[in-house]
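Trainee: Need the 3D shape of this:
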Amino acid sequence: MPYPRKRFGQHWLKDPAVHAAIVEAAQLPPPQEGRDPPWVLEIGPGTGQLTRRLLAQGAQVVAVEIDRDLCQLLRKRFANESRFQLLEGDFLRLPLPPQPRLLVANIPYNLTGPILEKVLGSPAQPVRQFERIVLMVQKELAERLQAGPGSKAYSALSVRVRYLAECELICRVPPSAFQPPPQVESAVVRLTPRPAPTPARDPRWFSQLVCQGFSARRKQLVNALRGLVDRETVAAALAQLRLSPTARAEELDLGDWLALSNLLLEQMPRMAAVSGKGKPR
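Mentor: Next up is the predicted model:
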């Protein structure tokens with residue numbers, strides 16, 4: 001069996017209980033006569049332990065693996081399995097295979113951000129392909145994805161992901177569940193993409209505002225947003241929304257951010273007429 005390669009961030013998940021939890025979190029529909037088996041996209045199948053469980057549950061698996069040695073192993077291991085397809089290459093450079101509506105992945109933690117953006121999209125360009133996404137991520141990132149207002153883990157990522165999907169913590173995973181053990185704790189999360197509860201009138205402006213606010217999270221929003229909107233306009237908007245005049249980014253929930261984004265956007269033409277500046281990009 002190939003040894004895990006550090007340059008690919010490989011750590012083999014060896015705990016069968018965690019494998020079972022991942023498969024359960026994917027909520028595969030039971031086999032039914034006359035209905036095609038569900039398609040699952042698996043990123044980084046490694047040695048195929050999770051792949052085997054998915055196939056045993058009746059799924060059709062499209063696996064994406066970048067390691068050539070592992071690809072050879074997987075081709076031999078599943079040579080007689082008609083419901084297994086292997087794509088060799090970098091997931092971030094390959095187009096999303098169109099069939100899968102479910103996704104599971106034990107991904108390199110240093111690539112979690114780009115992978116999340118590829119499978120979820122952004123507020124301006126959401127990806128609507130997947131019904132459920134089950135990921136093994138670093139515990140700190142799982143906390144950020146789940147965090148709410150007032151939490152130290154609450155961030156711009158928390159707000160953007162909440163705009164795109166519901167997030168649930170499935171289980172925590174200790175380093176001892178892997179071979180070799182990583183230096184960090186891990187967690188399995190399930191993302192359920194859905195339309196935003198209240199769509200932003202301008203999703204790009206919404207994202208820009210949230211990022212600007214959290215870039216200076218210790219500052220009050222009237223000061224943190226000055227690079228985008230003047231202090232007086234932010235203060236007036238906070239008052240109109242009945243938010244604290246000293247509010248900071250970490251105190252606003254998704255609904256507050258959406259309301260603030262939409263209200264400030266309404267005032268942009270007026271501000272542009274006074275300052276000579278154009279609309280936000």
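
Trainee: State the three-state secondary structure for Glu81.
Mentor: coil (DSSP: H, G, I helix; E, B strand; the rest coil).

Trainee: and the nearest residue to it once chain neighbours are set aside, what is it in contact with?
Mentor: The shortest distance from Glu81 to any residue other than its chain neighbours is 6.1 Å, reached at Leu55 (CB to CB, 6 or more residues apart in numbering). C-beta here means a position set from N, CA and C on the backbone, and glycine is covered the same way. The contact partners of Leu55, taken as CB atoms under 8 Å, 6 or more residues apart in numbering, are 61, 78, 81, 83-84.

Trainee: Could you single out the nearest of these to Ala142?
Mentor: Of all these, Val61 has the smallest distance to Ala142: 24.2 Å, by CB to CB.

Trainee: quick one: which of the contacts of Leu55 is most hemmed in?
Mentor: Val61 (27 neighbours; other CB atoms under 10 Å).

Trainee: ok, it - contacts?
Mentor: 39-42, 45, 51, 54-55, 83-85.

Trainee: any idea how far it is from Leu103?
Mentor: Note on Val61: its distance to Leu103, by CB to CB, to the nearest Å, is 11 Å.

Trainee: Output the below-cut-off pLDDT ranges for the stretch 151-281 of the chain.
Mentor: 269-281 (pLDDT under 70).

Trainee: all strands in it, in order from the N-terminus.
Mentor: Under the criterion DSSP state E, counting those that start in this stretch, the stretch 151-281 of the chain contains strands at 165-173, 178-179, 186-193.

Trainee: Out of those, which is the most enclosed?
Mentor: strand 186-193 (a mean of 20; mean count of other CB atoms under 10 Å).

Trainee: anything in contact with each of Val61 and Leu103?
Mentor: Joint contacts of Val61 and Leu103 (CB under 8 Å, 6+ apart) are 40-42.

Trainee: right, so of the strands of the stretch 151-281 of the chain, which gets closest to Ser261?
Mentor: strand 165-173 (18.7 Å).

Trainee: Let's have the shared contacts of Val61 and Leu103 in JSON lines, adding secondary structure, distance to Val137 and neighbour count.
Mentor: Listed next are these as JSON lines, based on DSSP: H, G, I helix; E, B strand; the rest coil; distance: CB to CB, whole Å; neighbours: other CB atoms under 10 Å:
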{"residue": "Val40", "secondary structure": "strand", "distance to Val137": "18", "neighbour count": "27"}
{"residue": "Leu41", "secondary structure": "strand", "distance to Val137": "17", "neighbour count": "24"}
{"residue": "Glu42", "secondary structure": "strand", "distance to Val137": "15", "neighbour count": "26"}
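
Trainee: What's the local residue count around Ala216?
Mentor: Under the neighbour criterion other CB under 10 Å, Ala216 is assigned a count of 16.

Trainee: Give the full set of residues in contact with the residue lying closest to it once chain neighbours are set aside.
Mentor: Nearest residue to Ala216, sequence neighbours excluded (CB to CB, 6+ apart): Ala224, at 4.2 Å. Listed by CB under 8 Å, 6+ apart, the contact partners of Ala224 are 212-213, 215-217, 248-249.

Trainee: who wins for most neighbours among those?
Mentor: Ala249 leads the contacts of Ala224 on contacts (other CB under 10 Å) with 26 neighbours.

Trainee: that older thread, out of the contacts of Val61, who's nearest Gln27?
Mentor: Val40 (11.0 Å).

Trainee: thinking again about what came up before, dump the contacts of Val61 into TSV; add distance to Gln10 and pLDDT as well.
Mentor: Written out in TSV, the entries for the contacts of Val61 read as follows (distance: CB to CB, whole Å; pLDDT from 0 to 100):
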residue	distance to Gln10	pLDDT
Trp39	25	96
Val40	21	98
Leu41	19	98
Glu42	15	98
Pro45	11	94
Thr51	15	97
Leu54	19	97
Leu55	21	96
Arg83	25	96
Phe84	20	97
Gln85	21	97
